[in-house]
Each structure stands twice: as C-alpha cells, then as structure tokens.
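Colleague: Predicted coordinates and the sequence they were generated for:
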Amino acid sequence: MRRHVSGLVLFEKVLFATLAIVLLIGVANGQTGRLSGTVLSEQGQAIIGASVGIGETAPSQITDQAGKFSFSGLRLGQYTLSVTHVGYATYHETVRLGQQPTDVVIRLVPQSTLLADVTVTGKTETQQVREQAIRAVVVDTRAVAEQPATLAELMNRSPGIRMRQSGGLGNMVDVSINGFQGNSVQYFRDGIPLEYLGGGYGINNVPINLLERVEVYKGVVPVTLGGDALGGAVNLVTQQHHGTMLDVSYEVASFNTHIANVSTYHSNETDRWFVGMDGFYNYSDNDYKADVEVVNENSNLVPVTVPLFHNGYKHYFIEAYGGIRNRVWVDELRFSIARYAIDRQSQHPALMTNPYGALTVHNQGWVPSMRYRKAVGKIALDQFVSYSAINRSRVDTVRGTYDWYGAFTPRTGIGESPRPSLSNIDFDNIISRTNLVYKINESNKLDANVVFNYNSRVGADPYGLRFAGTDTDILSKTAIYAKTIAGVSWESKWLNERLVNQLTAKFFHFKTRGIDGFLANGTDVDDYTTSTHSNWGVGNALKYALSDRHLLRASFELTNRLPRENELFGDNDTRAPNFALEPERSLNVNVGYRYQSPAWSAEIGGFYRKTKGMILLVPIQPPFAQYQNLDSVQGYGLDIDLHYRFGQFFQLTANATWQDNRMVDIGDGLHQWIEGTRLRNTPYFFANAGILGDFENILSSKDRFKPYVHWNFIREFYLNHIPRDAEPDGFLGLFGKAKVPVTNVVPNQHLLSAGFTYFLAGQQVSIGAEVKNIADSKLYDYYKIQRPGRSFHVKINYHLTKKR
Amino acid sequence: MKKQFSYAVIALIAAGTLFTACTKDDPSPSQDSETKYVLITLADRVSGNKAGFISAFDEMPTGTVSNASAGSLEGQGMGGWRTYGNHIYKMFRTSDYATGIEKINVTADGTVTAGQFISSKDQAAAAKYFGTGNFVIKDENTGYYWDAAEPTKIQKFNPASMTANLGSIDLTNAINERGADEDGIKFRSAGQKFLAIKGNKLYANLTYAKQDASQIGFFDDFFPDVYIAVIDLSSETYEKTISIKNTGSIAYINENHMYDFDDNDDLYIVCQGRTAIGGQSKIARIKANETDIDATWELDFADDFTTDYNGKFVGVFAKGGKLILTVNTEPLTGGPTGNINSADIWKFYSVDIATKDFTEITGVPVGTNPGAAMAVVEVDGKTLLRGSTVSGDNGYYEYNPANHAATLLFNVNVGGAVSGFHKITVQ
C-alpha cells in the first residue's frame, strides 16, 4: 500500500473552452484548507463510485469518473480518511491538513487479493458480474476506452462469442453466442431492451468510451433483462458519473473514417440534481479494397481488386438528460431525450455479386424516456418508460445500373435493385420496464421484472407492393405488434454465501394485428388478422465457491423467443407474412469452473442446448420466402479463457471456443441425411490470444504506455450442410479438409492487430494508435462478405474532471 | 504452475497457426472411365440459392446411392441443368448463384468441377431482371442466350470455348410492333423465358411485363396472348411474330426449359398460365415443318384435364406421339400452407397427343413440384421419371410405356432431391 502527497494544486488546466467547462480550484481561506485525492486500483485504474469519508466533519463523497474526490473548507488539523468500495479492502489513513491543499493518491487492494485480469482488480462491479451465478462474459470497455477499437472487435476477443459484421464501420452486426444468432440474441442498454433506441445506439455504432462494460450472457439470461432472448443476451452498461466531467475523443482512421465522442455530466454538490449529455458522430467512406469480379471482353468474369465506391456511413446520436436524486420520494428521477440519424450507402445486395451505386437507406428518430428509481426499506423499484418516433426509408429510384468501377449505365426501369423503393415508414414504439426487488433478508431476495413493448408500423412506398388487384399500398395499413415479458427470480444464499441459487420463472406473450398481404388476401384490404401466443419458461442458476480461488457454476433454462414483427408481417416485398409462427423454444444448460490466483485466472465453460422450431426464412413460391418454424438444433460446446500476468509489466490473454451444434429431429424423408450435420454458416472453432503491456514513467513522470497485440483465428466453416461423414478429420474436426470438395466454404481466417495507448502525464490526455489486420489477410463475414484489409487508426482522448 | 501455463498458451497459439497449414489430400478417386452417369441433387431448404451436389458414376447407379462423395461438386444453383450431347450447363453459378451460363466439367477419374462461366455484361441488371443465361445451343460452337444487360437482343456464345460477345440479334423493332406506347408495360424483352431452335429457326418469346419490381416478366403479362419471334438462323434476321392465344407465362427462367420435341420434331411448348398457381395454363405446338403455332391443337388444363380445380403444367417430355407430364392432383395454393412446392401433389401422366387422353403412370410416387428439375430424362434408351417426395422417395424410375408403369432404378439417400441425370462420354 503506497501513498503520495503532492502538495500541488489538483486542477490547474482549463481546456475545451468551446464547451465552456471550466475547472475550479478550491480556495483556501483563513484557517481552512482543502483535501483532495484520487482513488486507484493497484493497476492504476481510476475507481469510480468509491465512498470517501473524513469522519463527521463533512459528508462522505463519491469518487468521480477519474476516481477523484475533494473536500474543501476544512479546518486545519488531523483527519482520518477512510475509503470504501465494494470488492476492496477498506482503506484508512491519517492525514494532516495544513494551509497548503493536500492531494493524496490512494491505491485500494482487492478484498479477495485475487486478480481477475489485466484491467480489473478485485471485486469491482465488473468482477461481481463475472462471478454471479449466471455466467456473463464481461467485456471491460472502460479499461480499453482509449484504444481505437470498436465494440465488435472487443467482443470478438471474448470466449464463445463471434461477431458477424457485413463490411466496415456502421454495417449491421450480429452476435453469435453458442451458435445462437440473429433474433435469438437480444440487446439491452442498462437492462432495457435496446429496440427503443431504434438502431441509433447499438453494438455496431456506439463508441466504447460511453460504456462501462458489456455483459454477454451465454445460454441462461437473468430475469432482470426482460427479453425473450433464446440463447444469449448482450447488455451494454453505460458509465455512471459523479461530480462534473467532460470526456472527449476523436479517432481518425483509414477509409476516411472519423469517430468523435463527447460526454459531459454535472451534478450539484449535494448530488440532488444532475444534467448530462452523451453524443457521438461516426463517418466513414468504407472505401476499402475488395476482391470482386468484372466482365471481360468474352463475357467471362475475371477477378479484380477495386475500392468500394458506394459504401459510406454517416451517423450521429445525441442524448441529453437531467434529473433529481436523493429526495424523500425518489432516489433518482431521470428524463432524457435522444435524437439520432443514420444515412447509409448500400454497395451491394446480401452477397457481393453485383454493385449498387445509388441505393441508400436512412433511419432517424426521437426518443424521449423517463426512469424512476426508489428504494424503501426492503423494496426497490426501478421504472423505465419511453416512446420512440422512428422513421425509416429506403431509396432506390435511379434509372440505371453501376459496375464495380462506379461507371453508370442508364436504363429505363426504376431502381438498380430488384426492389425499387422510395419508402417512408413510421414506427411508433412504446416500452415500459418495471423492476421490483424485495430483499427478504440478507440471504434471500426476490426480483420481479415486466417489460411491455408496443410497436406500430405505417407508411408508404410508391414503388412498393400493392394488395393484389388494388392500388392500396400494403404499408398504408397499420401493423401492430405488442409483447409482454414478465419474470420473477428468487435468489438465495447459503453456506455463508458460498452457495448462491437463483430460481427464475418467465412468462412470454405477444399479440399482433395486421393484414396478410400475401397474394390470397389481395381483395379484402380491411380483413385484419390477429395472432396471439403465450408461453412459460423456467430456469435455475447455481454458484458454489469452493474457496476464494475456485468457483463452480451450473444453470439451466427453458425459454422462448417470440416471433418478431417483421417475421410475422413480412417486409411488403418478397418476404411473405406468416401469422402462424410460433415461438422458438430452447433448453439451455451451462456449467462452468473458474480459478483465480494472483498471477493467473482460468475459466472453463460448457454448454448444452436443444432448440426447437427455429424460425428460418424459407423459400416458398418464387420469388417469395417466408419465416417458418423449421429446424431443431442440438449442441454442446466448450470454451476456455485464460489470463496470465508475467513479469512486472505484461499480461497474456488467450481463449478458445469449440462448439458442436447439429441438426436434429429432421425426421424421415428427403432431408433425413441432414440429421446430425453441423449448423450451417456458423463457426465451430475460434481462438484469440493477446499480449498487453503496461509501463509507467516512460517519457516523463507519471506518463503511461500500454502496448498490445491481438491475434484472432476462425476455423473454416461451411455455408451449406455437408454429410457428417464427410467432415474434416482430426481432433474435434480441427484439421484437414472436408471429404467432399466444398465450394461454399469460408476459409480459415487470421486477424492480427497491434497498437498502443499513451497517457500523458496526469493521464487526462491519451493517444491510442492501432494497425488492424496487419497482415492484410482476407477476412470474411459469415456469408463471405469481405471485410476491410489493413487499416490505420489514431485516437485522441481527453478527460476532464471538476471537483466540487 | 506458471511454466505449465506458459506452455499451454504457446501450444494454443501454435495449434491455431497450424490449422491453416495442415491440409489433407482428398481420398483417391475411383477408377478412370470415359463413360459417366452424372447426377445432380438439390439439398437446399432455406437459403433459396439451391445448394446441392453433382456426382459422376462409372456405371448406371442401382440400389441406394449417395450423391456427396470425394469427387462430387458442392455448391449452389443445383436445381437442375441443361445438357447438349456430352456437355452439361447450368444457369446459376456454383460459387455464388449468379445467373449466366456455367459449364460443368467431368474428368475421367470422376471429379466434377465448375467450369467457365458466361456472365451478363451488366451484373446489376442481371440481378434485377431474372433470366440472364436462358440459352439454347445450335451446334457445338454456336448458342444463343438472353442477357438482361441488353434485354431486347439475343446474344450469341460459343458453348465449346464458353466465350460470348460474338454478336447479337436485335429484336427491338419486333417487340415494338405492339404496345410501343403503352404506359402499363414496364419492361420488354426477347428470349428472356423461351428460346428454342427448330429447323433453322430460332424462336424467342417476347415479354411485355406489367411489373417493375420483383420477378419482372413473370406472371405479369400485359397481353392475354403470348408472343414468339421467329428468327432465321442462316441470316440471323427476324422473320415474324407468332402467338399462343389466351394464356400466359410461357416457360420460365430455369433449367427445365419447358418445351420438348417429339420424335417427329413437333415442338411442344408449356405456358404456365395467368398466375403462379395456374389459370389458362396450356401446351401449344409448332409442327415439324411449320413455323406457326398449330391452331388445330392445344392441350388446355381446364378443358382437357380437369375443371374441378385450378392448376397448371410445369414441364413436358414428348416421345412417340405421347407427352409425359406432371400435373397437380389437388388445387394449387400458395402462402404459408401452400402446396405448390412443398407437398406431394404432382402426379405423372402419359398423354396421347392425338386423343388428349390422360393416363396415370403407376409405380412412381406422387411427388413434389419438379420445378427446375429434369422430371423426365432419357438415358441408355430408357425413359426415366424423377420420383421425389417429402416422405423420402428420391430417385429415378424406369418407365415402361407399354403398361404405363414405372419401377425404381435407383434411390438417392444423401445430397437432397434428385434434379437431373445424364450420361456423357468424357471428352
């Protein structure tokens, strides 16, 4: 345990005048002085939210974003400084306050003296999530916030998780967890289903600076996340602020990429009211080079490498909020309003078979919301409600086509895709989430959660489909989708809290109302169809701490994934409605073991899943396809995650995931041979390794240099089913090639990236630089969409905190 | 412990690196043979890109066989094929389902590979307007096809060298003989769905489409009649336009070209009708020495098969004065519970051309819609019928015209629904 007393004035810089944030220095007057300081972890990370007290002389304070605190107007003399934070041993220090302001640096020691990983020490909130009964893979975004990394990249380095991103910055991202993907995985922000933000804030576009961490639940999902996720959930946890802060970052990168982020917050001295604003701007031409084919003089296709020319992305998001805290009737009441707009160029259809040169898609919305939290005695209430007004459009009206060089050929038909469009669609979305916690006693807790989501769609498209035999636009008829997901869990602790059990039950219900626009219903445009469905789910999670170093976990859940609105109603084009869809159902079982020591940690997780009635898009009557409950999948898998600290400065991380998800219950008949084949278009082995360094006092006193290298590998996988006996040989199918020459294969992929973060003295300014895909390897999305080659990124961060 | 862990990490990285370095040669091929029986199956149920397999067998398969083996070709666009002598072509590229003309190569050791591909001159236009690669072959070195890049022209290509850009036949004026000023016609083309060569004449359908989005030119005829341009191939000049009265949707854009020649060279042409689920579906004829539609003969679904329910013809095989057809046995329906493509409702009939009598063919199961597949093929002098059902019957059945009965020749258990079978001599 070390202590530094500097005697320097704490805040002496005033920057970013445009934002009018001014730092104030405490003023000592007469016989009073000021005591300030910074609370850090052993690794030098600021500890936010630690409670700092100096006895009864002044109210306790909570450390801010930079881990700082400050008491001013203190009478000179001796004080006993105490710092407490969950997961850390309480710190006590006697401090003598003279006329000169006193500044201290305090390093807390983890309570358990266990080391979790390079960035998190002790049982911080992040660490507690890692160790809860329901296993979560935690992506510690705050620990790497200064790096020019995207959230998708960080998540890809985690065990059991694969991100699927179709192209460059801003393109859609899908998460695959234990082989679950698409709508089977759901997304949340601070426990609220992310749909309410309309796509303006998501894993494909939110800068990591805005996040505290990301929790990825694999298999079993806590009841507090009120969703109908089937196999996994991703919860984006935003940063919690105290005091006054400003956080600014700007990244410039290859392909004319610019990412800017501003976050500011202020609360009054007594923390009874607060205001803040988060905003970011993403822009990229995404004009990286791709291997495509062009027609030669013989009308044969020849490969060429060309820069993409219509792949740009522009996006801003801004959210202003304010509220009150610490009142008799409310712990926190927060109002916010978010505004976003996304403009995206579309370079190609689902596969890179041909280019588009003018097709664009747009998404914008206003999202006001309110959150109320209050704890009374043993009961705590958390109520969130929002209304989203979202407008989406797709513009494909150009009369002509483009080639891969961007050359235009005029044509008479409207639109360059098979689906001309000038759509203007309004979505109204209301979401309410109520969470109620009742703490029965120190060992037992009940947690109830209800999410209600109402969504309506109405719009127009002069080039869109009409009800057969009429001129009535299918979009002009309102489609309504509402769902309710309720759950209750009982958490009980036994054996001096070494054993924790969570029993959960969930209820799922949805209701839809709309017109079946597919062919047969063409003449009756007032014939609304309704559909409702209800299901139950149940689960249990168990954690047993064998000792401070050994942790066992086991859980199971029988759960449902409700059909989505677009799956029920179709897309007013070639995706036909299906009001007969039923929820997908899945039984998920997870087991895990975690070991921690001061030098290293290891975690092994295994899963089993049996999923029935997966909702898949199935071709029906050409050109139509339709979502149907089709396949069942059974699988199991294993992942291992290792962290090892060596020497004084280095940390090594590695993880590997193998999963064996296979088709089952195909039944007798034509496709019986598919029984037992692998789930198509899904990786079954991937691995990561990384080395991170952490050096201090390099160029000047108190500066910091953190270099890193990351390597990612994905084993080849197949877009279509191949017979099981034709799969590659070797241990776990990891070696060799399939015994059937497979054309539609995504080959082995290697991604090597390296960079560093340099913190200037005082650590308010930092610079991150990274070279991604150093080897310029060919990388692909799941459907073989090419991803960017080598790229260069530089990011500058500024963090400013003002004490009370 | 530290040391052990370090070793483990190093081993992990090394193993990952080795995954790409390790390769294993395919198993040895079967013995060489110049004669190959080539089979294509459609395995796809969900992507719509017709994933499947092609395999080559040294001998006529018997019993139960797998269509996914060491020499097989896995890929997309496996709904069927078009053959010419010893050559096999597909209209969808194996690697990515792009439309065009792809040659399938088979080697003496039985290895099947995707060969050269003729693409649209405009890949974006080909993706928007379906039908690029609808082709017909005149001889070893000359063929004609439709390209969405130039929709009112017929393109020439060399099926041996698989090269194109050899010139075209412009039918713009022929198309504009009618409806030139009609605003309701959104798209015009020539040869998009039907190209046939009879005698020294090329027959190309003229499309007048009402739709300007999604499957433009299909089930959206502006006129009640179907028009066909007749081109003299000696001079490659347009001669005239003929028509099939009161029907719609001639042929389609897939491997099943939906026409056939009888032994006497009479040409029989399928029109699916007004909609995808039927209505005015019929088969028309151009007699061997004629260049006009035979006004004295047509086979009409309603008039000649049944008026009890709607339906349509989806293919034709002509031989010895008889047609072999598959016809739906119950009303066609689309949508979530539609039977058109997913139910066992398509039954084989032999139709006497002279009397138009329909005779059920026994022994082959009532199966799924053959769609693009080759429902009837001739191999080694045998007429083979495709029998593929949801419940698992999946093979070719040898047809005996004497008693209108078929018997199972071989069954396929791995690789999906049988879609075509052809015998070649490896060149």
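Modeller: Received, thanks. Residues are numbered from 1 along each chain as shown, chains lettered A, B, ... in the order given.
Colleague: shaky segments in the stretch 251-400 of chain B?
Modeller: Within the stretch 251-400 of chain B, the segments meeting pLDDT under 70 span B:335-337.
Colleague: Strands of that one, start to end?
Modeller: Using DSSP state E, counting those that start in this stretch, the strands of the stretch 251-400 of chain B run over B:259-261, B:267-271, B:282-286, B:298-300, B:317-319, B:322-328, B:346-352, B:358-360, B:376-379, B:382-388, B:394-400.
Colleague: So in that sheet, which strands flank the fifth one, and in what orientation?
Modeller: To tie it back to what came earlier, the one meant is strand B:317-319. strand B:322-328 (antiparallel) (DSSP bridges).
Colleague: now the strand it pairs with against strand B:394-400, angle please.
Modeller: Relative orientation of strand B:322-328 versus strand B:394-400 (axes from the mean of the first three to the mean of the last three C-alpha atoms, to 10 degrees): 140 degrees.
Colleague: Need the CA coordinates for strand B:322-328. PDB is fine.
Modeller: What follows is strand B:322-328, C-alpha atoms only, in PDB (Å, rounded to 0.1, in the frame of the first residue of the first chain):
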ATOM      1  CA  LYS B 322     -47.100 -39.200 -76.300                       C
ATOM      2  CA  LEU B 323     -46.400 -36.500 -73.800                       C
ATOM      3  CA  ILE B 324     -45.300 -37.200 -70.200                       C
ATOM      4  CA  LEU B 325     -46.400 -34.500 -67.800                       C
ATOM      5  CA  THR B 326     -46.600 -33.900 -64.100                       C
ATOM      6  CA  VAL B 327     -49.900 -32.400 -63.100                       C
ATOM      7  CA  ASN B 328     -51.200 -31.300 -59.700                       C
END
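Colleague: all helices of the chain, in order?
Modeller: Since no chain was named, I'll use chain A. For chain A, applying DSSP state H gives helices covering A:125-130, A:151-156, A:565-569.
Colleague: Sorry, I should have been clearer: chain B.
Modeller: For chain B, applying DSSP H gives helices covering B:2-21, B:123-128, B:172-175.
Colleague: Skipping adjacent residues, who's closest to the spatially most central residue of chain B in space?
Modeller: Central residue of chain B (C-alpha atoms, centre = their mean): B:Glu255, 1.4 Å from the mean position. In this structure, B:Glu255 finds its nearest non-sequential neighbour in B:Gly80, 3.3 Å apart by C-beta to C-beta, 6 or more residues apart in numbering or on different chains. (C-beta placed from N, C-alpha, C; glycine too.)
Colleague: ok, that neighbour to A:Glu293 distance?
Modeller: Noted for B:Gly80: a distance of 24 Å to A:Glu293, by C-beta to C-beta, to the nearest Å.
Colleague: which of those two has more neighbours?
Modeller: The residue with more neighbours, out of B:Gly80 and A:Glu293, is B:Gly80; 26 against 21, by other C-beta atoms under 10 Å in any protein chain shown.
Colleague: Tell me if I'm right that that one and B:Met374 touch.
Modeller: Yes. Using C-beta atoms under 8 Å, B:Gly80 is in contact with B:Met374, at 5.6 Å.
Colleague: who touches both of these two?
Modeller: Any residue near both B:Gly80 and B:Met374 by C-beta atoms under 8 Å, 6 or more residues apart in numbering or on different chains counts here, and that gives B:Glu255, B:Asn256, B:Ser419, B:Gly420.
Colleague: And the residues you listed, which is closest to chain A?
Modeller: Compare each of the shared contacts of B:Gly80 and B:Met374 with chain A using C-beta to the nearest C-beta and the shortest gap goes to B:Ser419, at 11.9 Å.
Colleague: can you map out the strands along the stretch 451-600 of chain A?
Modeller: A:479-494, A:499-515, A:528-545, A:550-561, A:575-576, A:584-596, A:600-619.
Colleague: With only the CA atoms kept, save the last one in PDB.
Modeller: To tie it back to what came earlier, the one meant is strand A:600-619. C-alpha atoms of strand A:600-619 as PDB (Å, rounded to 0.1, in the frame of the first residue of the first chain):
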ATOM      1  CA  TRP A 600      -3.400 -16.100 -13.400                       C
ATOM      2  CA  SER A 601      -7.000 -17.000 -13.900                       C
ATOM      3  CA  ALA A 602      -8.700 -19.600 -15.900                       C
ATOM      4  CA  GLU A 603     -12.300 -20.300 -16.700                       C
ATOM      5  CA  ILE A 604     -13.800 -23.300 -18.400                       C
ATOM      6  CA  GLY A 605     -17.400 -23.200 -19.600                       C
ATOM      7  CA  GLY A 606     -19.500 -25.800 -21.200                       C
ATOM      8  CA  PHE A 607     -23.000 -25.700 -22.600                       C
ATOM      9  CA  TYR A 608     -25.700 -27.900 -23.900                       C
ATOM     10  CA  ARG A 609     -28.700 -26.700 -26.000                       C
ATOM     11  CA  LYS A 610     -31.700 -28.100 -27.600                       C
ATOM     12  CA  THR A 611     -33.600 -25.700 -29.700                       C
ATOM     13  CA  LYS A 612     -36.900 -26.500 -31.400                       C
ATOM     14  CA  GLY A 613     -38.800 -24.700 -34.100                       C
ATOM     15  CA  MET A 614     -36.100 -22.300 -35.100                       C
ATOM     16  CA  ILE A 615     -37.600 -19.500 -37.200                       C
ATOM     17  CA  LEU A 616     -35.900 -19.500 -40.500                       C
ATOM     18  CA  LEU A 617     -36.500 -17.800 -43.800                       C
ATOM     19  CA  VAL A 618     -37.700 -20.500 -46.200                       C
ATOM     20  CA  PRO A 619     -38.200 -20.100 -49.900                       C
END
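Colleague: just checking, what packs against that strand?
Modeller: When contacts are defined as 3 or more C-beta pairs under 8 Å, 6 or more residues apart in numbering or on different chains; DSSP states H and E, strand A:600-619 sits against strand A:584-596, strand A:625-646, strand A:650-664.
Colleague: Name the residues of the first one that are buried.
Modeller: Put plainly, it is strand A:584-596. By 16 or more other C-beta atoms under 10 Å in any protein chain shown, the buried positions in strand A:584-596 come out as A:Glu584, A:Arg585, A:Ser586, A:Leu587, A:Asn588, A:Val589, A:Asn590, A:Val591, A:Gly592, A:Arg594, A:Tyr595, A:Gln596.
Colleague: domains of the chain?
Modeller: If you meant another chain, say so; for now it's chain A. As assigned by automatic domain parsing, chain A contains the domains A:3-107, A:125-238, A:244-802.
Colleague: wrong chain, I was asking about chain B
Modeller: What the record gives for chain B is the domain set B:1-116+B:419-427, B:120-254, from automatic domain parsing.
Colleague: End to end on the last one, go ahead and measure it.
Modeller: Okay, so that is domain B:120-254. The first and last residues of domain B:120-254 sit 16 Å apart, counting by C-alpha to C-alpha, to the nearest Å.
Colleague: Please apply the same query to stretch B:117-136.
Modeller: Start and end residues of stretch B:117-136 are separated by 15 Å (C-alpha to C-alpha).
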